[in-house]
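Visitor: only the shape, not the letters, is given here:
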């Protein structure tokens, strides 16, 4: 129209277009996904914490000490059970002489393994009975601890020398089943055990 003709720019070159071939598109997409997965996998392995030293192993050493001999001059009076007029049937045998251990009996004041029961039970009443000789297998019950004590002690043992199978410190009436395979039964501070 009027004036000089506008400067004509050359036409814009056409950019190459992606191919529209489906197999090539799938191949390129699959390779990109595989490359991303492998890159993430290797980065993930490298990001882990450096291996630490193995956890320390705990070793427990148990030293058994011989049972302490009771001090006869301690001034503490020993409690002897009062004689009863009649003995109930199916009870554990009573000790013949107080303070004199019978064969298979643990010295008073100690329990299997040398554990000191202190003032929890009456040490004069701590007895060990051999199963099959002093008492027969079966279920025994007690009314609980002797008067003046908050709890009593019982243990099923592998033998007269120890080896605890089961143990308890009841504060009230309880029962225990002594198996034929038990070697001994130890009790202390409990009222009389009766077989049921």
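Guide: The structure has been received and is ready for your questions. All of these numbers come straight from a predicted model, not from anything done at the bench.

Visitor: mind listing the helices for this protein?
Guide: With DSSP state H, the ranges of helices along the chain come out as 22-47.

Visitor: quick check: which ranges of it have low pLDDT?
Guide: 1-6, 18-19, 47-55, 58-62, 64-125 (pLDDT under 70).

Visitor: ok, residue 37 - how many residues close by?
Guide: 10 (other Cβ atoms under 10 Å). In short, each C-beta sits where N, CA and C put it, glycine included.

Visitor: nope, residue 131 is what I meant
Guide: Residues near residue 131, counting by other Cβ under 10 Å: 21.

Visitor: how about the one 10 residues further on?
Guide: For residue 141, the number of neighbouring residues by other Cβ under 10 Å comes to 15.

Visitor: that one contacts residue 174, doesn't it?
Guide: Yes. Counting by Cβ atoms under 8 Å, residue 141 touches residue 174, with 7.1 Å between them.

Visitor: need the contact list for residue 184.
Guide: 104, 128, 129, 130, 131, 156, 157, 158, 159, 160 (Cβ atoms under 8 Å, 6 or more residues apart in numbering).

Visitor: how about the contacts made by the fifth one?
Guide: This means residue 131. Residue 131 neighbours (Cβ under 8 Å, 6+ apart): 137, 178, 180, 182, 183, 184, 185.

Visitor: chain neighbours aside, what residue packs nearest to the last one?
Guide: Same thing as residue 185. Nearest non-adjacent residue to residue 185, counting by Cβ to Cβ, 6 or more residues apart in numbering: residue 129, 4.9 Å away.

Visitor: what about the one you found, distance to residue 171?
Guide: Distance, residue 129 to residue 171, by Cβ to Cβ, to the nearest Å: 22 Å.

Visitor: who's more crowded, the two?
Guide: Between residue 129 and residue 171, counted using other Cβ under 10 Å, residue 129 has the larger neighbour count: 22 against 11.

Visitor: that one touches residue 136, doesn't it?
Guide: No. At 10.1 Å, residue 129 and residue 136 do not qualify as touching, with contact defined as Cβ under 8 Å.

Visitor: hang on, the earlier thing: which ones among the contacts of residue 184 are found in strands?
Guide: 128, 129, 130, 156, 157, 158, 159 (DSSP state E).

Visitor: count the neighbours of the third one for me.
Guide: A total of 18 residues lie near residue 130 under the criterion other Cβ under 10 Å.

Visitor: that one reaches residue 182, doesn't it?
Guide: No. Residue 130 lies out of contact with residue 182 (Cβ under 8 Å); the separation is 9.6 Å.

Visitor: out of the contacts of residue 184, grab the one that's most surrounded.
Guide: residue 128 (27 neighbours).

Visitor: distance of that residue from residue 172?
Guide: Counting by Cβ to Cβ, the gap from residue 128 to residue 172 is 23 Å.

Visitor: do residue 25 as well
Guide: Applying Cβ to Cβ to residue 25 and residue 172 gives a distance of 82 Å.

Visitor: residue 26 now?
Guide: 79 Å.
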